[in-house]
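1. build the 3D model from these lines:
(one chain, ligands or ions: 1)
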Amino acid sequence: MQDLVLGIDVGATGMKGGLVDVEKGEMVSDRFKILTPRPANPANMAKVIGEIVDHFKYKGVVGCGFPSIIKNGVAFSAANIDQSWIGTDVSKTFSKISGCEMVVCNDADVAGMAEMSFGRGKGENGLVMIITIGTGLGSAVFMDGKLVPNTELGHLKFKDSIAEKYCAGSTRKKLDMSYEDWGKRFNEYLIHIEHLFSPDLIILGGGTSKKFDQYAHTISISTPVEPAKMRNNAGIIGAAVLAQKKASIAKLM
Ligand code: BGC
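-> Residues are numbered from 1 along each chain as shown. Now for the predicted structure:
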């Protein structure tokens, strides 16, 4: 099997790729990023996927995290991307343009898998939640290390709207809030999450987790809350590792 696998993290704002040593869980190339085109529809985004694969002159299985509910490669939601994605087979669309086999899963789920395998969640049992804070609010839920996929806790009904609208990273930017003020909002969401799920550990990922020091003191829940160790490359690494695993299983069958 391949040791270096291309991982692509498709976000609502940027689409990023990198070559990953899947044994070590490390990105070994530079990160190549292209801004997510608008409208963020299948044709425009597939073109960017093709450019990322070409940039690395890559052939082989590709892992891809995608910002929507994904079942068997098909998108079932489209919160911050074009609605025409709903019902589209993301794996097939990206395979067609790149000529590579594509393994596609929810972006927060793959970032969570990387964090559980190589980062702060390594060896952690019980109920561990990874919340990714960026353009959207993503979630990955693990029970004794096993993923419960597509949890979408950023879309919990909250404050007459949904949690994501109230406290995603993009909301902080849009409202020009300090990390302190945003942290107070985010803490309200964490109180709700703790009340509903009683998790054992909450790990924060995504762009806003890099600024954890600036809002850590606003968090008041008793569940331990810590920043992800892998920071923003978790999506790329997790996607590559997952693709490698799926490809190995397919070979055995
Ligand atoms: C989407 C999720 C995604 C999250 C982070 C949300 O708006 O519904 O599927 O994981 O954003 O990108």
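2. can you map out the helices along the chain?
-> 42-55, 90-98, 107-118, 163-167, 169-174, 179-197, 212-215, 234-252 (DSSP state H).
3. tell me the contacts of R185?
-> By C-beta atoms under 8 Å, 6 or more residues apart in numbering, the residues touching R185 are 166-167, 171, 177. Glycine gets a C-beta too; all of them are placed from N, C-alpha and C.
4. can you tell me how far it is from the ligand?
-> Noted for R185: a distance of 17 Å to the ligand, by C-beta to the nearest ligand atom, to the nearest Å.
5. before we move on, back to that, which of the contacts of R185 count as buried?
-> 166-167, 171 (16 or more other C-beta atoms under 10 Å).
6. now render these as a markdown table, adding distance to the ligand and pLDDT.
-> As requested, the buried ones among the contacts of R185 are exported to a markdown table (distance: C-beta to the nearest ligand atom, whole Å; pLDDT from 0 to 100):
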| residue | distance to the ligand | pLDDT |
| --- | --- | --- |
| Y166 | 13 | 98 |
| C167 | 12 | 98 |
| T171 | 12 | 97 |
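7. dump those residues to CSV, plus distance to N41.
-> Output for these, formatted as CSV (distance: C-beta to C-beta, whole Å):
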residue, distance to N41
Y166, 27
C167, 27
T171, 24
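8. the residue in the stretch 51-200 of the chain that the ligand sits nearest to: what's it in contact with?
-> Nearest to the ligand, among the residues of the stretch 51-200 of the chain, is G136, at 2.3 Å (C-beta to the nearest ligand atom). Contacts for G136 (C-beta under 8 Å, 6+ apart) come out as 12, 67, 79-80, 154, 164, 168, 170.
9. again, only using 7 Å
-> Contact partners of G136, counting by C-beta atoms under 7 Å, 6 or more residues apart in numbering, are 12, 67, 79-80, 154, 164, 168.
10. how close does it sit to K24?
-> Separation of G136 from K24 (C-beta to C-beta, to the nearest Å) stands at 29 Å.
11. same deal with D144?
-> Taking C-beta to C-beta, one finds D144 at 24 Å from K24.
12. what about P149, neighbour count?
-> A count of neighbours around P149, defined by other C-beta atoms under 10 Å, yields 16.
13. what residues does it make contact with?
-> 106, 109.
14. before we move on, what about E152?
-> 69, 139.
15. change it to 10 Å
-> Residues near E152 by C-beta atoms under 10 Å, 6 or more residues apart in numbering: 68-69, 76-77, 79, 106, 108, 136-139, 162-164.
16. does N72 touch K246 like I think?
-> No: N72 is beyond contact range of K246, at 11.6 Å (criterion: C-beta atoms under 10 Å).
17. who's more crowded, these two?
-> K246 (15 against 7).
18. what sits against the more buried one?
-> K246 neighbours (C-beta under 10 Å, 6+ apart): 61, 63, 101, 103, 105.
19. wait, G205 sits on I131?
-> Yes: look at G205 against I131 with C-beta under 10 Å: they come within range, at 7.1 Å.
20. can you list the residues of the chain near the ligand?
-> Counting by C-beta under 6 Å from any ligand atom, the residues of the chain close to the ligand are 67-69, 77, 79-80, 106-108, 132, 136, 138, 152, 154-155, 164.
21. neighbour-wise, give me the winner out of those residues.
-> T132 (33 neighbours).
22. ranges for the strands of the stretch 1-150 of the chain?
-> In the stretch 1-150 of the chain, the segments counted as strands under DSSP state E, counting those that start in this stretch are 4-10, 14-21, 26-27, 32-35, 62-66, 70-71, 74-75, 102-106, 127-133, 137-143, 146-148.
23. okay, buried residues for the fifth one please.
-> In terms of neighbour count (16+ other C-beta under 10 Å), strand 62-66 has its buried residues at 62-66.
24. can you state the direction angle for it and strand 137-143?
-> Angle between the axes of strand 62-66 and strand 137-143 is 110 degrees (criterion: axes from the mean of the first three to the mean of the last three C-alpha atoms, to 10 degrees).
25. so what strands line up beside strand 62-66?
-> Within its sheet, strand 62-66 is paired with strand 4-10 (parallel), strand 102-106 (parallel), according to DSSP bridges.
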